[in-house]
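> Okay, here's the prediction I keep looking at, along with the sequence it came from:
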Amino acid sequence: MNITLNKKNTQNIQSSVEIIILNKVKHLCKNKKEVLDNINFLKKSFNTHFDMKNSKLYVSCLKVKDENIKTAISTAIKFLKNIKIENINIDIIQCKNELNIQTIVEGLVLGNYEFLKYKSSQNKENIKNIEIITCKSEKEKTQLESDLKKALIICNSVNYTKDIVNSSPEDYYPQIMADDAQEIAKSKNITCKIFGEDYLKDNNMNAMYSVGIASPHESKLIHLTYKAKNPIAKIVLVGKGVTYDTGGMSLKRGDGMVSMKCDKAGGASVMGVIHALGCLNLPFEVHGIVGAVENMIGGDAYKPDDILKAANGKTIEVTNTDAEGRLVLADCLHYAQKNIKDFDYIFDLATLTGASIGAFGGYTTAVMGYSEKLKKRILKASKKSGELVGFLPFNDYLEKLLESSVADFVNTSPNKNGAAITASLFLSKFIKNKNKKKWLHFDIAGPSYRKEVWAYNSYGATGVAVRLLIKFMEDLKK
């Protein structure tokens, strides 16, 4: 799909279907207004009506907000793909408002995404050319071109992230994740280090090592670094990269195991951000740490009642091997703080708890941490990027649930109330005091993978947090 800008008027464009987003019909000609009124076109958002004679596709959108506009455009793309239209145009002016290029492109590119890797007969791309008509824009041509380039980079990185998460566990395991990281490092200003299990053992990273011990695939610690010239801030991103999660000896039920390829979504999103930074040239130093492991069962698997000594010297009583992500992150967070000096922010991303879905539903990332100022910055980035976040509060009463009689603490409490918060509090044990105000935990269990079409997201992976974190960085730049 080739997206370009065009200064021509839509009336001068031949052999192309125009997408028109409507929240009112009163300005249309009498005949068209009657047709749309007769089919209750504006009864709800995202209805479609194709005027074949005039090559116009109308999409209803009652709320003229960016997220609704993206969904309307996505709806149009899906409709036109089904009827095998090759050439499309959309005016940057819709509902009497000038849209952001980012909004249009996200609707087009993210709405067009399909994961067809394992289909025996793959549908060829029907839509070949899309022109964004800018003749009525108030922005300069160079600004529009820059906006288009940036939007395409970000959307392609989101879709790159989706591909990683959607890939089958039989052919996407820690070594493949490490290989992909090394491919990313071929971009300008990016380097990559990969460490295997010998490194984990030598550096007392026993929590992460134990999670992957029963897998035939060696665990990998991935360290990607993007560094611009004269960076204005240093940011550390740590991602849970569990390429498949059986639950270990605390085995998941069969239906609970389906879709556990999505347990690498945190690591995939970290890689997606670095993937985008290689082209965006933002003025930062960003470290991406991914703990890539596979949580399997076997005679050598770690077990409930095991006592693990993490890299920071703390001991952990294992009460549930299905609470493995926090063990991986514990050692990765310690590695980051030990090896990366003087950073300004440290965020971890993980499909950590079903409890976060219970708290916010399946579409919102649960964010936790000690800095209210930092949470406000993330909320601001959330509103601009369209990626939903919600905040859960820490308290001393829930922290007591992590106490162990035989170790420093347990990896999960028998009291399941507030489980998303206690999981985050567990991670806080591995954040040094001097870094607690720099740290936030992002539980992406809900929005990272949906077994449904959701707004402009297709079935499966969503590439969550890539746009959110890029927007956070853009705001820091300002």
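Received, thanks. Numbering: from 1, shown residues only.
> where in the stretch 151-300 of the chain is pLDDT low?
In the prediction, the stretch 151-300 of the chain carries no residues with pLDDT under 70.
> Helices of the stretch 51-200 of the chain, residue ranges please.
When assigned using DSSP state H, counting those that start in this stretch, the helices of the stretch 51-200 of the chain occupy the ranges 66-82, 101-105, 111-112, 141-166, 174-184, 197-202.
> scratch that, the stretch 351-478 of the chain
355-360, 372-385, 396-399, 419-428, 466-477.
> Spatially, what comes nearest to Asp306 if we skip its sequence neighbours?
Val318 (4.5 Å; Cβ to Cβ, 6 or more residues apart in numbering). Backbone N, C-alpha and C define where each C-beta goes, glycine included.
> Please apply the same query to Cys262.
Tyr449 (3.7 Å).
> Enumerate the beta-bridge partners assigned to that neighbour.
When assigned by DSSP bridges, Tyr449 has beta-bridge partners Ala461.
> Show the contacting residues for it.
Applying Cβ atoms under 8 Å, 6 or more residues apart in numbering, we find Tyr449 in contact with Val165, Ser259, Cys262, Ala265, Thr351, Gly460, Ala461, Thr462.
> same question, Ile274
Ile184, Ile190, Leu224, Tyr226, Leu237, Val286, Gly288.
> Confirm that the fourth one sits in a helix.
No. With the criterion set as DSSP: H, G, I helix; E, B strand; the rest coil, the secondary structure at Tyr226 is strand rather than a helix.
> ok, it to Ala181 distance?
12 Å (Cβ to Cβ, to the nearest Å).
> Same check on the fifth one?
If you measure Leu237 against Ala181 using Cβ to Cβ, the figure is 13 Å.
> quick one, helices of the stretch 201-350 of the chain?
Going by DSSP H, counting those that start in this stretch, the stretch 201-350 of the chain shows helices at 206-211, 254-257, 265-280, 325-339.
> And for the closest residue to Ile77 other than its chain neighbours, the neighbour number?
Computed as Cβ to Cβ, 6+ apart, the closest residue to Ile77 that is not its neighbour in sequence is Gly111, at 4.6 Å. Counted by other Cβ atoms under 10 Å, the residues lying close to Gly111 total 23.
> distance of Gly111 from Ser382?
20 Å.
> which residues touch the residue nearest to Asp306?
Contacts were defined as Cβ under 8 Å, 6+ apart; by that measure Val318 touches Ser210, Tyr302, Lys303, Pro304, Asp305, Asp306, Ile307, Leu308, Leu327, Val410, Asn411.
> change it to 7 Å
Tyr302, Lys303, Pro304, Asp305, Asp306, Leu308, Asn411 (Cβ atoms under 7 Å, 6 or more residues apart in numbering).
> per-residue confidence for the last one?
pLDDT for Asn411: 97.
> Run a quick check on it versus Arg326, I expect a contact.
Yes. If you go by Cβ atoms under 7 Å, Asn411 and Arg326 touch, sitting 6.2 Å apart.
> what touches both of the two?
With Cβ under 7 Å, 6+ apart, Asn411 and Arg326 have common neighbours Phe426.
> correct me, but Gly212 touches Val293?
Yes. Counting by Cβ under 7 Å, Val293 is a contact partner of Gly212 at 3.6 Å.
> Tell me which of the two has more neighbours.
More neighbours surround Val293 than the other of Gly212 and Val293, with 36 against 27 (other Cβ under 10 Å).
> about what we covered before: of the helices of the stretch 201-350 of the chain, which is nearest Lys56?
Smallest distance to Lys56 across the helices of the stretch 201-350 of the chain (Cβ to Cβ): 34.3 Å, for helix 265-280.
> Using CSV, write out every CA atom in that closest one.
The C-alpha trace of helix 265-280 is given here as CSV (Å, rounded to 0.1, in the frame of the first residue of the first chain):
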residue,chain,number,x,y,z
ALA,A,265,4.3,-8.7,23.9
GLY,A,266,6.2,-6.6,26.4
GLY,A,267,9.6,-7.5,24.9
ALA,A,268,8.1,-7.1,21.4
SER,A,269,6.9,-3.6,22.2
VAL,A,270,10.4,-2.6,23.5
MET,A,271,11.8,-3.9,20.2
GLY,A,272,9.2,-2.0,18.3
VAL,A,273,10.1,1.3,20.0
ILE,A,274,13.8,0.8,19.2
HIS,A,275,12.8,-0.2,15.6
ALA,A,276,11.0,3.2,15.2
LEU,A,277,13.8,5.2,16.8
GLY,A,278,16.3,3.9,14.2
CYS,A,279,14.4,6.1,11.7
LEU,A,280,12.9,8.9,13.8
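> Next, the angle helix 325-339 makes with it.
Angle between the axes of helix 265-280 and helix 325-339 is 40 degrees (criterion: axes from the mean of the first three to the mean of the last three Cα atoms, to 10 degrees).
> and helix 265-280, which residues are buried?
For helix 265-280, burial by neighbour count (16 or more other Cβ atoms under 10 Å) applies to 265-280.
> got it, and stretch 93-112?
Neighbour-count burial for stretch 93-112 [16+ other Cβ under 10 Å]: 93-94, 99-112.
> okay if I get the helices of the stretch 51-200 of the chain as TSV plus distance to Leu401?
Shown next, in TSV, are the helices of the stretch 51-200 of the chain (distance: least, Cβ to Cβ, whole Å):
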stretch	distance to Leu401
helix 66-82	37
helix 101-105	42
helix 111-112	43
helix 141-166	31
helix 174-184	31
helix 197-202	28
